[in-house]
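K.L.:
Dropping the sequence and predicted coords here.
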Amino acid sequence: MNRRRFLAASAVAPALITGSCTRDQTVSGRIVGGGHAIGHRLRTLGALPKPTHTIKADVVVVGGGVAGLAAARKLKQLGVEKVVVLELEEKAGGTSLSESNAINAYPWGAHYVPLPGKDCHEVLEFFGEIGLIKGHDAAGRPIYDEMSLCHDPQERLFIHGEWHEGISPTAGLDANGREQFKRFADEIEKWRVKQVFSLPVDRSRRDPEALELDTLTMAAWLNQKGFNAEALLWQVDYSCRDDFGGGIHEVSAWAGLHYFASRTGEAANAEHETVLTWEEGNGWLVGHLKAIDAEIRAQHLVMRMEAVESGGVEVDAFDCEHEEMNRFQARAAICALPRFVAQRIIPGLTPIPGLEYAPWVVANLTLDELPPSPGFHPAWDNVVYRGPSLGYVNANHQTLRSRPIETVITHYEALCEAPPAKSREWMLTQTHAQWTERVLGAFSAPHPDLREHVQQMDIWLWGHGMIRPRPGFLWGKERELMQAHRPPIFFAHTDMSGMALFEEAYTRGVQAALALKAAL
């Protein structure tokens with residue numbers, strides 16, 4: 001016990017003795033971000049207001065997420081002079097946004113990148129440019145910055161009343177359970193050896209047997225293979241919710257097996273399973289993407305994006321801060337928005353029916369300390385077996401500060417209980433107090449006294465957090481249609497990949513920039 005904790009305990013002691021503890025049980029905080037109210041104006045607005053200003057540019061990038069920022073960065077590298085990025089939120093970053101307070105930096109969304117495989121040419125090049133890759137060994141394997149490799153311990157699972165190492169629920173399994181875990185691992189190894197699954201998705205092999213997997217759910221495939229052990233089904237379901245925002249009954253078997261069989265990255269100075277992460281999550285990478293000579297205009301709601309007969313593109317965007325409409329005129333543009341938004345603002349763009357977007361809730365809890373709980377001490381990523389959420393990430397796990405006590409933990413939950421539209425409608429009705437109870441309830445088993453240590457809890461609602469790869473989507477006509485550019489308008493978004501991963505977003509941005517520059 002240190003001095004601060006001793007004094008805090010001393011201050012509470014008299015109240016405990018007299019039975020009159022008056023500690024306020026209300027958790028302070030707010031619901032932030034998401035831009036729902038502003039974004040929904042696209043659905044309700046009638047005639048567009050007339051532009052107040054006209055701004056000239058070479059290229060306008062609509063959407064300041066990873067794909068949009070990657071496109072802008074590559075365009076500047078290719079010599080395009082004036083690039084303007086328009087972003088709805090108060091700052092660019094998309095689902096890789098981050099923030100910081102007096103204790104820690106912390107993520108508002110994506111928080112790690114697995115070691116990139118050999119097919120991630122663009123990502124590997126980017127990591128070299130920003131110094132994340134320091135060199136290569138004699139075998140050609142990257143040597144990564146040690147500070148960016150996830151520190152040990154990486155993962156913990158709370159099961160049987162205590163924390164266990166790793167997140168596979170194999171403790172206490174009977175013979176049948178152990179056999180099923182081994183058989184599942186053998187199935188994954190079979191696909192790894194065949195080298196079918198890859199990142200980016202479109203560099204995967206069109207193997208007929210694998211393509212059949214996209215016609216059924218992951219749950220159906222597991223049933224066909226005779227996998228019914230509760231612990232195994234939970235782990236596969238957790239993995240699908242983690243990467244795709246949908247469980248085994250919602251995502252395709254191709255996507256589910258891709259999760260396990262596509263991670264082939266190597267490092268000279270790390271194990272295969274190691275991930276790259278930072279206190280602020282992928283916000284660290286966003287910081288490097290934003291370090292470009294491009295003009296980033298935040299709080300701009302784009303309402304129209306259209307090729308004009310005289311050549312080039314017009315983009316009408318409402319400046320939410322100054323309450324005025326701006327018209328941007330450019331030689332070409334990149335639309336780095338989700339498809340459901342793009343088809344509202346680009347006249348004549350073919351609507352894609354049936355797209356599913358998973359709603360997510362991210363909560364950042366500022367703690368005076370992370371209270372102890374039984375078993376192995378919690379790690380960077382901490383998951384509760386059969387819990388409603390995806391667990392939490394500890395921000396100060398990556399810090400080099402000596403024995404930090406105060407910290408920020410980031411809680412993630414994909415809302416899968418109801419159809420996405422119903423979940424979105426419901427999530428917007430919940431108050432901060434209701435979200436607080438939901439989050440604290442998710443950790444009631446490992447941290448029953450967590451409320452006593454929460455100084456603040458902030459909530460971010462991602463209504464359309466990520467595309468969900470339902471059966472038939474990944475290798476169907478819809479995704480193929482979404483990848484077609486319409487010069488002078490080009491497209492860059494993870495919707496075009498069917499998986500909302502950093503590797504996909506970055507690659508889409510670079511590819512769109514190259515296609516646009518070639519057209520110019």
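P.N.:
Ah, there it is.

K.L.:
buried sites along stretch 288-299?
P.N.:
Buried positions in stretch 288-299, judged by neighbour count with 16 or more other Cβ atoms under 10 Å: His288, Leu289, Lys290, Ile292, Ala294, Ile296, Arg297, Ala298, Gln299. Placement of C-beta: from N, CA and C, glycine included.

K.L.:
Find the residue closest to the second one in space, skipping its chain neighbours.
P.N.:
Right, the one you point to is Leu289. With Cβ to Cβ, 6 or more residues apart in numbering as the criterion, Leu289 has its nearest non-adjacent residue at 3.9 Å, and that residue is Leu69.

K.L.:
List the contacts of that neighbour.
P.N.:
Applying Cβ atoms under 8 Å, 6 or more residues apart in numbering, one finds that Leu69 lies in contact with Val85, Ala92, Gly93, Val286, Leu289, Lys290, Ile292, Gly509.

K.L.:
can you rerun that using 7 Å?
P.N.:
Val85, Ala92, Val286, Leu289, Lys290, Gly509 (Cβ atoms under 7 Å, 6 or more residues apart in numbering).

K.L.:
quick one, phi/psi of the last one?
P.N.:
Read it as Gly509. When quoted as degrees, to the nearest 10, the phi and psi of Gly509 stand at phi -60, psi -50.

K.L.:
Which residue, other than its chain neighbours, is closest to it?
P.N.:
Among residues not flanking Gly509 along the chain, Ala70 sits closest, at 2.9 Å (Cβ to Cβ, 6+ apart).

K.L.:
Show me which residues of whatever helix or strand that neighbour lives in are buried.
P.N.:
Taking DSSP states H and E as the definition, one finds Ala70 inside helix 66-77. For helix 66-77, the neighbour count (16+ other Cβ under 10 Å) marks Val66, Ala67, Gly68, Leu69, Ala70, Ala71, Ala72, Arg73, Lys74, Leu75, Lys76 as buried.

K.L.:
And these, which is closest to Glu452?
P.N.:
Of all the buried residues of helix 66-77, Val66 has the smallest distance to Glu452: 37.4 Å, by Cβ to Cβ.

K.L.:
can you pull out the strands in the stretch 101-250 of the chain?
P.N.:
Using DSSP state E, counting those that start in this stretch, the strands found in the stretch 101-250 of the chain span residues 105-107, 112-114, 133-136, 142-144, 155-159, 162-165.

K.L.:
can you tell me which of the ones you listed comes nearest to Leu349?
P.N.:
Using Cβ to Cβ as the measure, strand 112-114 is the one of those that comes nearest Leu349, at 30.8 Å.

K.L.:
what packs against the closest one?
P.N.:
Contacts defined by 3 or more Cβ pairs under 7 Å, 6 or more residues apart in numbering; DSSP states H and E place strand 112-114 against strand 275-277.

K.L.:
check contacts around the most centrally placed residue in the chain.
P.N.:
When the chain is reduced to its mean C-alpha position, the nearest residue by Cα atoms, centre = their mean turns out to be Ala110, at 3.3 Å. Ala110 makes contacts with Thr95, Ser96, Gly281, Asn282, Phe502, as judged by Cβ under 7 Å, 6+ apart.

K.L.:
Could you measure from the residue nearest to it when sequence neighbours are not counted over to Val393?
P.N.:
Ranked by Cβ to Cβ, 6+ apart and with sequence neighbours excluded, the top spatial neighbour of Ala110 is Asn282, at 4.2 Å. Look at Asn282 and Val393: by Cβ to Cβ, to the nearest Å, they are 12 Å apart.

K.L.:
same check, this time on Pro338
P.N.:
25 Å.

K.L.:
higher neighbour count, these two?
P.N.:
More crowded of Pro338 and Val393, by other Cβ atoms under 10 Å: Val393, with 24 against 20.

K.L.:
before we move on, the earlier item: in terms of pLDDT, where does the residue nearest to Gly509 sit?
P.N.:
We have a pLDDT of 98 for Ala70.

K.L.:
Which strands or helices does the helix or strand harbouring Lys422 pack on?
P.N.:
Taking DSSP H and E as the definition, Lys422 sits inside helix 420-427. Helix 420-427 is packed against strand 357-367, strand 454-467, with contacts defined by 3+ Cβ pairs under 7 Å, 6+ apart.

K.L.:
Out of the ones you listed, indicate the one that is most buried.
P.N.:
Sort these by mean neighbour count, taking mean count of other Cβ atoms under 10 Å, and strand 357-367 sits at the top with a mean of 24.

K.L.:
other SSEs contacting that one?
P.N.:
Using 3+ Cβ pairs under 7 Å, 6+ apart as the test, strand 357-367 ends up in contact with strand 407-414, helix 420-427, helix 432-442, strand 454-467.

K.L.:
among these, which is nearest Gly33?
P.N.:
The closest approach between Gly33 and any of the helices and strands packed on strand 357-367, judged by Cβ to Cβ, belongs to strand 454-467 at 4.6 Å.

K.L.:
ok now that closest one, how far from the chain's centre?
P.N.:
11 Å (Cα atoms, centre = their mean, to the nearest Å).

K.L.:
With adjacent residues omitted, what lies nearest to Gly177?
P.N.:
Setting aside the residues directly before and after it, Gly177 is nearest to Ala229 in space (Cβ to Cβ, 6+ apart), at 4.5 Å.

K.L.:
Please save the CA atoms from stretch 57-64 in PDB.
P.N.:
Backbone C-alpha positions of stretch 57-64 (Å, rounded to 0.1, in the frame of the first residue of the first chain) are rendered in PDB as follows:
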ATOM      1  CA  ALA A  57      -8.700  21.700 -54.600                       C
ATOM      2  CA  ASP A  58      -6.900  19.000 -56.700                       C
ATOM      3  CA  VAL A  59      -8.500  16.200 -54.900                       C
ATOM      4  CA  VAL A  60     -11.200  16.000 -52.200                       C
ATOM      5  CA  VAL A  61     -11.200  13.000 -49.900                       C
ATOM      6  CA  VAL A  62     -14.600  12.500 -48.200                       C
ATOM      7  CA  GLY A  63     -14.200  10.600 -44.900                       C
ATOM      8  CA  GLY A  64     -11.300  10.900 -42.500                       C
END
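
K.L.:
Done for today, thanks.
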